[in-house]
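Student: Show me how the following folds:
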Amino acid sequence: MSTYNRRTPYHGRRRRRRRRARTKIFTRGMRITLFVFFVLFLIVFIALLVRIYLINKNDGDRFRKAALSQQSYTNTVLNYQRGAIRDRNNTTLAVSIRKYNLVLEPKTLLTNEEKRAATVAAIAGHFGMDAEKLQTTIDEKPNSMYEHFDELKELTTEQVETFRQKMAEDENIQGVWFEETYTRNYPLKSVGCNLIGFMSSDNQGTYGIEESYNEELCGTTGREYGYFDANMNLQRTIKEAKDGNSVILTIDANVQQIVEQQIASFQKNGVGAKRVAVMLMNPKNGEVLAMASDSTFDLNNPRDLSTMYTEAQIAAMSEEEKSDNLMAMWSNFCIGSAYEPGSTYKPFTVAAALEENVVQETSTFTCTGVRKVADREIHCNNRSGHGTLDLRHSLMESCNVALMDIGLRLGSGQFSKYNRLYGFGQRTGIDLPGETSGLLHTKEQLNSVELATSSFGQTQTMTMVQMLSGFCSLVNGGSYYQPHMVKEIQNSDGDVVETIDPVIVKKTTSEGTSRKIRSYLKSTVEEGTAAPAKVKGYSIGGKTGTAEKRPVSAKKYLLSFIGCVPAEEPEVAIYVIVDEPRVQDQAHSTYATEFSSKILKKVLPFLGQYSSK
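Tutor: Below you'll find the predicted structure:
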């Protein structure tokens, strides 16, 4: 074999030397390249620094303005005006009044000492603000463009306009503007307080119409955006707020005020009672014309208990007691409290019996003063007995024994059915918060004793709005209207956006039965137990109530009168409650009927009902 191509140690050493030589050349080349790049980077960096310096020196202001023109200056919420609440005659009951908050721009004022001094002096002098406090705020917040001061909030239009005039006369007054805000005001103070409601600390409606129509009354907030343009001039873009809708009530403020004044007089100068409440309604459409109780407060200062308690009483209250008393003061008795109505319930029992034909006008009943039902004796209001009575006189004389007979003829099934039909034991759906439903016996619970006592208004509880709404259906021909407080909704321009039409929920009785009930009620006022409810020159129909409260041993009574005017074709219905009159012998419905007469005499002309004499 030839050895010419055989590898030798000499050849290996030569190849290794060549590789080492190539590596040295490559390394030297990389070092030179990196050095060149570093030098170039250094030159470029120095050139950029020089360029930035020259730009900042020669064109810095121009570029700063351009940058500022792209920056947001302010993003301010524009408040809407909450809708007003007015009565049926357009009397304002609640309104949001425009006020202003002063906004100071420290950054603007720090650009010029002369402007700063002039502006601070103008604000301090015009609004009585502490100049030192203004100066401190400017110094401590040099970059701020939006500063409020508690002393410069809720300024009046007059205050703001006169200051704006100063600004127009002195161009050195700068960095000041006014943002609009609104405060809720109730011009008639306590009138309608329990049904109107008020505003909470977070500006939401609380109680009454303010709460139930909060969404309608609220508007939509707007926005104001501010920025600097390229010339450093402040530019503002405004997205206007949308004001809330106004709510027009069914009540008449004059009538409401008269009712409240009469209640106050009854409590202060009359007999007085633990609770007094009154409701007026239009039987032909369910509109509430007035709703009041002796629980009142100033809507502009709803946490002031002094309208209901003396200073000594308030001082003695714990915080929990104050809170409980406030809740009680704000609550609406007419819709939120249930009680045993007593004899004002009797027309409902009679109407049901007529509808079911278990009694007729000629039916007679014998009253000996007591009726034994099951294992107990239940007395009539006349312990001596009424003798023999027809259906009309059973109602006129408010005979418990006759009503027990009628209830037993109806039976638990029919009695329970009509209870529900009249709207008892369920909310009426009135457009106010806080309504309760009362407590009814079920058909199964109506044993002979419970049926007997329930027939004349005991052992079951109702609310005033339930009683008056059901009563209106008895006297208007049988149409049960949903009671309501609002007639229409208007936008901020005064245009009607929604009309609240009367809603007939159901039929409770026939026209024939309604006509008979109206006749019986008229007789009850003209010749029966409700005679003190008469009003000279008017035809009044109605029924009294004297409900014995539990426990019976306490001898406490809730007195009432429910009625309508004119008796033949009712236009106005009234319901009066006098709970526990401050007298030794409470069991006299006269306190309620006489009080009702006084109220009707004063309010009927305001409601378009005039005396015939």
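Student: Tell me, how many residues neighbour V497?
Tutor: Look at V497: counted by other Cβ atoms under 10 Å, it has 12 neighbours. The way it works is simple: take the backbone N, C-alpha and C, and place the C-beta from them, glycine included.
Student: isn't there a strand covering it?
Tutor: Yes. Assessed by DSSP: H, G, I helix; E, B strand; the rest coil, V497 belongs to a strand.
Student: any idea how far it is from E215?
Tutor: 13 Å (Cβ to Cβ, to the nearest Å).
Student: which regions of the protein sit below the pLDDT cut-off?
Tutor: By pLDDT under 70, the weakly predicted segments of the chain are 1-27, 29, 53-75, 226-236.
Student: ok, longest strand in it?
Tutor: Counting by DSSP state E, the longest strand found in the chain is strand 92-104.
Student: immediately after the helix or strand where M329 lies, which helix or strand?
Tutor: If you go by DSSP states H and E, M329 is part of helix 319-330. Following helix 319-330 in sequence order, the next helix or strand is helix 333-336 (DSSP H and E).
Student: Quick one: residues in contact with the next helix or strand after that following helix.
Tutor: Moving toward the C-terminus from helix 333-336, the next helix or strand (DSSP H and E) is helix 346-355. Helix 346-355 has contacts (Cβ atoms under 8 Å, 6 or more residues apart in numbering) with 359-360, 391, 394-395, 398, 403, 406-407, 409-410, 414-415, 418, 422, 455-457, 470-471, 474, 508-510, 513-514, 516-517, 520-521, 543.
Student: re the thing from before, if we go by neighbour counts, what in the longest strand of the chain is buried?
Tutor: Within strand 92-104, the residues that count as buried by 16 or more other Cβ atoms under 10 Å are L93, A94, V95, S96, K99, Y100, N101, L102, V103, L104.
Student: And that strand, how far out from the chain middle?
Tutor: Offset of strand 92-104 from its chain centre (Cα atoms, centre = their mean, to the nearest Å): 20 Å.
Student: In terms of secondary structure, what does that strand contact?
Tutor: Applying 3 or more Cβ pairs under 8 Å, 6 or more residues apart in numbering; DSSP states H and E, we find strand 92-104 packed against strand 85-86, helix 113-127, helix 131-140, helix 157-169, strand 176-185.
Student: Wait, a strand at E580?
Tutor: Yes. Per three-state DSSP, E580 lies within a strand segment.
Student: Would you quantify the distance from it to Q267?
Tutor: If you measure E580 against Q267 using Cβ to Cβ, the figure is 12 Å.
Student: you'd agree P142 is up against T108?
Tutor: No. Counting by Cβ atoms under 8 Å, P142 does not reach T108; the two are 10.6 Å apart.
Student: neighbour count winner among these two?
Tutor: Between P142 and T108, T108 has the larger neighbour count (other Cβ under 10 Å), namely 18 against 10.
Student: quick revisit: just to be sure, which of the contacts of helix 346-355 are found in helices?
Tutor: 391, 394-395, 403, 406-407, 409-410, 414-415, 418, 455, 470-471, 474, 513-514, 516-517, 520-521 (DSSP state H).
Student: Report the buried members of these.
Tutor: Here, 16+ other Cβ under 10 Å leaves 391, 394-395, 403, 406-407, 410, 414-415, 418, 455, 470-471, 474, 513-514, 516-517, 520-521 buried among the ones in helices among the contacts of helix 346-355.
Student: After the longest strand of the chain, which helix or strand is next? Please name it.
Tutor: Going down the chain from strand 92-104, the next helix or strand is helix 106-109, by DSSP H and E.
Student: so how many other residues sit close to S492?
Tutor: By other Cβ under 10 Å, 15 other residues sit near S492.
Student: who's in contact with it?
Tutor: Counting by Cβ under 8 Å, 6+ apart, S492 touches Q81, G83, G219, K242, D243, G244, N245, S246.
Student: Redo those as TSV? Include neighbour count.
Tutor: Formatted as TSV, the contacts of S492 follow (neighbours: other Cβ atoms under 10 Å):
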residue	neighbour count
Q81	20
G83	23
G219	20
K242	16
D243	21
G244	22
N245	24
S246	26
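Student: how about Y480, secondary structure?
Tutor: With three-state DSSP as the criterion, Y480 reads strand.
Student: Grab the nearest non-local neighbour of it.
Tutor: Nearest non-adjacent residue to Y480, counting by Cβ to Cβ, 6 or more residues apart in numbering: S473, 4.1 Å away.
Student: Verify the contact between the one you found and S479 for me.
Tutor: Yes. If you go by Cβ under 8 Å, S473 and S479 touch, sitting 6.0 Å apart.
Student: Tell me which of these two has more neighbours.
Tutor: S473 (26 against 20).
Student: what sits against the more buried one?
Tutor: Applying Cβ under 8 Å, 6+ apart to S473 gives the contacts Y422, S479, Y480, Y481, K507, T508, T509.
Student: run the last query once more with 6 Å
Tutor: Counting by Cβ atoms under 6 Å, 6 or more residues apart in numbering, S473 touches S479, Y480, T508.
Student: One more: H148?
Tutor: H148 makes contact with N101, according to Cβ under 6 Å, 6+ apart.
Student: Going forward, count from 27.
Tutor: Sounds good: first residue 27 from here, last item H174.
Student: Can you verify my assumption that R453 contacts S463?
Tutor: Yes. Taking Cβ atoms under 6 Å as the definition, R453 is a contact partner of S463 at 5.2 Å.
Student: Which residue, other than its chain neighbours, is closest to K192?
Tutor: Leaving out its chain neighbours, the residue that sits closest to K192 by Cβ to Cβ, 6+ apart is A148, at 5.7 Å.
Student: Test my guess that the one you found contacts I199.
Tutor: Yes. Counting by Cβ under 6 Å, A148 touches I199, with 4.9 Å between them.
Student: Give me the buried positions along stretch 358-376.
Tutor: Quick answer for stretch 358-376 (16+ other Cβ under 10 Å): 358-376.
Student: May I have that stretch exported as PDB, CA atoms only?
Tutor: Taking C-alpha atoms only, stretch 358-376 is exported to PDB below (Å, rounded to 0.1, in the frame of the first residue of the first chain):
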ATOM      1  CA  ASN A 358     -98.100  57.300  56.000                       C
ATOM      2  CA  PHE A 359    -100.900  56.000  58.300                       C
ATOM      3  CA  CYS A 360    -103.500  56.100  55.500                       C
ATOM      4  CA  ILE A 361    -101.700  53.300  53.600                       C
ATOM      5  CA  GLY A 362     -99.300  51.700  56.000                       C
ATOM      6  CA  SER A 363    -101.400  51.000  59.100                       C
ATOM      7  CA  ALA A 364    -104.100  48.300  59.400                       C
ATOM      8  CA  TYR A 365    -106.900  48.200  62.100                       C
ATOM      9  CA  GLU A 366    -110.300  46.800  62.800                       C
ATOM     10  CA  PRO A 367    -112.700  49.200  61.000                       C
ATOM     11  CA  GLY A 368    -115.800  48.600  63.000                       C
ATOM     12  CA  SER A 369    -119.300  49.500  61.700                       C
ATOM     13  CA  THR A 370    -118.000  51.400  58.600                       C
ATOM     14  CA  TYR A 371    -117.600  47.900  57.200                       C
ATOM     15  CA  LYS A 372    -121.300  47.100  57.500                       C
ATOM     16  CA  PRO A 373    -122.300  48.600  54.000                       C
ATOM     17  CA  PHE A 374    -119.900  46.000  52.500                       C
ATOM     18  CA  THR A 375    -121.700  43.100  54.200                       C
ATOM     19  CA  VAL A 376    -125.100  44.500  53.200                       C
END
